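1. Would you be able to build a 3D model of this:
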Amino acid sequence: MSFLDQICVLILAFDEEPNIARTLDALGAFPRVLVLDSGSTDATRTIAARYPNVRVAVRPFDAHAAQWNHGVSGCGVAEPWILALDADYRLAPALVAEIAALAPPEDVAGYRAAFRYCIGGQPLSGTLYPAQTVLFRRARGRYVQEGHTQRLVLESGETRALSAPIFHDDRKPLGRWIASQRRYAALEAEFLMAAPRRGLVGRLRLLGWPAPILVFVYTLVVKRCCLDGWPGWIYVLQRTLAEIMIALEILDRRRTGAASGPCP
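-> Model prediction:
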């Protein structure tokens, strides 16, 4: 019996027509895939329904953590393991084979994977995208909201690393990306300003100005995106713009919160 039989692949989706087929094509070896759609207005659900191993469920979106938790516990999933993927993640055959060969002992609660970021299908030399726990025991995992995104909390057990990466290959239009980043920046600023100081990155972001400059240099030089041609430059500019949006949200909230009256 393959370990893949013990896994339900859970994918969150909303208007992912440019990505969903590429993601699902790579999951043919998994017997059960659940696409939890947030009410797509494009062909996302139509495309997903073409795959015999895919089941589609629909739930209006309220927050990332709530949506993931509904997929884990509210959609009738019976498999003991969850492989949680965004609709723009692509699994290489090497990673599928690695997961299929797993035989987790009881004290292992999950597995984390590193990511290769792609621009237009081209993998970049480096990325700011951190490794994440994507494969976990369903009974031990729950999501909590942190800023604009979610964090998986495992009740007990060890988390091990997978060798092969996941490819993050989002090909939605630039305008969609910018609109999403505007929403994310507002949520992230609210989280940073309400929470206690959280590590070096959080402290730099709260200063308002260093983070965009540092991200530009770090992605361009340290992560070697300067070696990737135009895709590398696009990624550098995307990450810098995302940090600028967060900085503007933080500075604007401080300005409006401190304002006491009209300028004399």
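2. Give the residue spans of the stretch 51-200 of the chain that score low on pLDDT.
-> Scanning the stretch 51-200 of the chain for pLDDT under 70 picks out 195-198.
3. now the strands: where do they sit in it?
-> With DSSP state E, counting those that start in this stretch, the ranges of strands along the stretch 51-200 of the chain come out as 54-58, 81-86, 89-91, 108-113, 115-119, 122-123, 132-137, 141-146, 149-154, 158-161, 166-168.
4. could those strands go into CSV alongside distance to Gln6?
-> For the C-beta atoms, the positions are set from N, CA and C on the backbone; glycine is no exception. Shown next, in CSV, are the strands of the stretch 51-200 of the chain (distance: least, Cβ to Cβ, whole Å):
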stretch, distance to Gln6
strand 54-58, 17
strand 81-86, 5
strand 89-91, 17
strand 108-113, 13
strand 115-119, 24
strand 122-123, 30
strand 132-137, 10
strand 141-146, 14
strand 149-154, 17
strand 158-161, 16
strand 166-168, 19
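5. Out of those strands, flag the one nearest Leu27.
-> strand 89-91 (6.7 Å; Cβ to Cβ).
6. Ala78 versus the nearest residue to Glu155 once chain neighbours are set aside, what's the distance?
-> Of all residues not flanking Glu155 in the chain, Arg140 sits nearest, at 4.6 Å (Cβ to Cβ, 6 or more residues apart in numbering). For Arg140, the distance to Ala78 equals 16 Å [Cβ to Cβ, to the nearest Å].
7. Looking at those two, which one has more neighbours?
-> Set side by side, Arg140 and Ala78 show more neighbours around Arg140, with 15 against 7, by other Cβ atoms under 10 Å.
8. mind listing what the residue nearest to Pro173 when sequence neighbours are not counted touches?
-> The shortest distance from Pro173 to any non-neighbouring residue, by Cβ to Cβ, 6+ apart, is to Pro18 (7.8 Å). By Cβ atoms under 8 Å, 6 or more residues apart in numbering, Pro18 lies in contact with 171-173.
9. pretty sure Ala247 contacts Ile213?
-> No - with contact defined as Cβ atoms under 8 Å, Ala247 does not count as touching Ile213 (9.9 Å).
10. Neighbour count: the two, which is higher?
-> Ala247 (22 against 14).
11. Could I get the contacting residues of that one?
-> Taking Cβ under 8 Å, 6+ apart, one finds 205, 208-209, 211-212 in contact with Ala247.
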